[in-house]
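S.K.: Got a predicted structure plus its sequence, pasted below:
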Amino acid sequence: MRCHVCRALSFAPLCRACRRELLNPDPKIRMLESGLEVLSLYAYEEIEPLLLTKHLPHGWATYRILAKESFRIFDKDAGGGMMAISVDDDPKDGYSHTAILARCLKKAGYRPLYGKLHAQNRISYAGQSKSFRLQNPRNFLYTGPANIKAVLVDDVVTTGLTLMEAHDTLARSGVDVIGAIVLADVDRE
């Protein structure tokens with residue numbers, strides 16, 4: 001196998017040298033219009049080629065490396081047993097990239113809650129404008145427990161509309177959403 005970035009021979013999709021060079025999180029908080037705080041670990045352009053592997057057969061392995069390396073910044077009990085709810089973790093292409101992220105937060109003391117927050121609208125937002133996204137909401141359905149504290153987990157925040165809609169759905173279902181954790185922010189300053 002070859003490293004996805006430098007093309008060197010590697011037993012993993014991302015070699016150790018590229019991990020050291022690329023995966024140095026610089027956490028930033030972005031406040032969405034709804035008041036939801038989103039912690040991003042990278043600017044989108046810093047890790048874009050790695051994020052785009054979610055559409056490739058080896059994407060699950062790349063996301064696992066991304067999550068493990070990036071989430072090392074969290075203390076062992078940062079989550080304090082709080083739930084980590086992955087946004088729309090429907091396993092497309094055989095796996096869910098958001099479920100992989102939530103699972104890797106276990107080492108930081110978060111408890112992943114899988115398969116409980118799903119978009120009823122399956123339209124793709126990739127490359128779409130904010131007005132398109134507003135006209136085509138995700139229509140999330142939450143089927144998990146109420147009266148819990150949680151963080152939302154996603155790979156990328158662009159306009160923030162998906163996270164705001166997920167937050168609203170969870171709040172109406174009795175979930176106290178403390179914030180969101182994403183790998184990358186497209187509009188990071």
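M.R.: Noted; the coordinates are in hand.
S.K.: What segments of this structure are strands?
M.R.: Listed in chain order, the strands of the chain (DSSP state E) span 28-31, 37-43, 83-86, 111-113, 117-119, 140-142, 148-157, 175-185.
S.K.: any idea of the angle the second one forms with strand 148-157?
M.R.: By that I understand strand 37-43. With axes from the mean of the first three to the mean of the last three C-alpha atoms, to 10 degrees as the basis, strand 37-43 and strand 148-157 are set at 30 degrees to each other.
S.K.: and the residue nearest the centre of the chain, bridged to which residues?
M.R.: Taking C-alpha atoms, centre = their mean, the centroid of the chain lies closest to Asp154, which sits 2.0 Å from it. Note on Asp154: beta-bridge partners by DSSP bridges are Val182.
S.K.: Asp75 versus that one, what's the distance?
M.R.: Distance from Asp154 to Asp75, counting by C-beta to C-beta, to the nearest Å: 22 Å. Every C-beta, even on glycine, is put in place using the N, C-alpha and C of the backbone.
S.K.: just Thr98 next, same as before
M.R.: Counting by C-beta to C-beta, the gap from Thr98 to Asp75 is 22 Å.
S.K.: Between those two, point out the one with more neighbours.
M.R.: Neighbour count, other C-beta atoms under 10 Å: between Thr98 and Asp75, Thr98 has more, with 25 against 9.
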